[in-house]
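A.B. asks: 3D model of this:
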Amino acid sequence: DFSTYGKPDSEAVKKIREENNSHLLLIMVSRFVPSKQHQPVFEVVSELVKQGLDVKMIVMDDGPLRKDFETFTKDHNLEGRISFVGFRTDFINYMAAADLLMHPSLTEASNNVVKEMALLNKPAAVCKDVGDFNDYIKDRQNSYLMRRDNLKEEIRRVIVEACEHKAALSEYGTRLREDVLRIFG
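C.D. replies: You can find the predicted model right below:
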């Protein structure tokens, strides 16, 4: 029942966006476990930042690998580019502030985070043939579908394309919302 979902606080969203001022603001909302595939996302963000792309990322939730990724962030001088906010009850504000959800998880059933982003008119980047994503995610129409066999390059493709064609993200998000409401509402 999507009517029970909370609404973002516009002042909180504005503040989060100001604190993470960048051309493209990514968000990952998933436990720090191997199957959620944080590693290739962090590696690609690091490489693209070094190449001069104005990208930042908010990482939400917790888990056994969090310390490893905090260390990665320090070791690669990404403290101003990747922020760890942990588990939050006001997650909707962070999601509303972001431009794109990176969710390259290798295992899912029917993911709520992607649907929550859709309700906010925000697109997602997910893996093809995982959970029910193939049923409603249409690559470069309402979000991004990534191949698992070449995940790091797929993540790079998505982030670069999102930077170069940022206006398309709001169109994708609007279409994703329509599709999620039609299929799951």
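
A.B. asks: list the buried ones in the longest helix seen in the chain?
C.D. replies: If you go by DSSP state H, the chain has its longest helix at helix 166-184. Of the residues in helix 166-184, those buried by neighbour count under the rule 16 or more other C-beta atoms under 10 Å are Leu169, Tyr172, Gly173, Arg175, Leu176, Arg177, Asp179, Val180. No exception for glycine: its C-beta is placed from N, CA and C like everyone else's.

A.B. asks: show me how far that helix is from its chain's centre.
C.D. replies: Averaging C-alpha positions (C-alpha atoms, centre = their mean, to the nearest Å) puts helix 166-184 14 Å from its chain's average.

A.B. asks: likewise for stretch 61-75?
C.D. replies: Remark: stretch 61-75 is offset 17 Å from the chain centroid, using C-alpha atoms, centre = their mean.

A.B. asks: can you show me the CA trace of that stretch as PDB?
C.D. replies: What follows is stretch 61-75 as a C-alpha-only set of coordinates in PDB (Å, rounded to 0.1, in the frame of the first residue of the first chain):
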ATOM      1  CA  ASP A  61      22.700   1.000   6.100                       C
ATOM      2  CA  ASP A  62      25.300  -1.000   8.000                       C
ATOM      3  CA  GLY A  63      26.900  -4.500   7.900                       C
ATOM      4  CA  PRO A  64      30.000  -6.500   8.400                       C
ATOM      5  CA  LEU A  65      31.900  -4.900   5.500                       C
ATOM      6  CA  ARG A  66      31.200  -1.300   6.400                       C
ATOM      7  CA  LYS A  67      34.700  -0.700   8.000                       C
ATOM      8  CA  ASP A  68      36.400  -2.100   4.900                       C
ATOM      9  CA  PHE A  69      34.600   0.500   2.700                       C
ATOM     10  CA  GLU A  70      35.300   3.300   5.200                       C
ATOM     11  CA  THR A  71      39.000   2.300   4.900                       C
ATOM     12  CA  PHE A  72      38.700   2.200   1.100                       C
ATOM     13  CA  THR A  73      37.300   5.700   1.200                       C
ATOM     14  CA  LYS A  74      40.100   7.000   3.300                       C
ATOM     15  CA  ASP A  75      42.800   5.200   1.300                       C
END
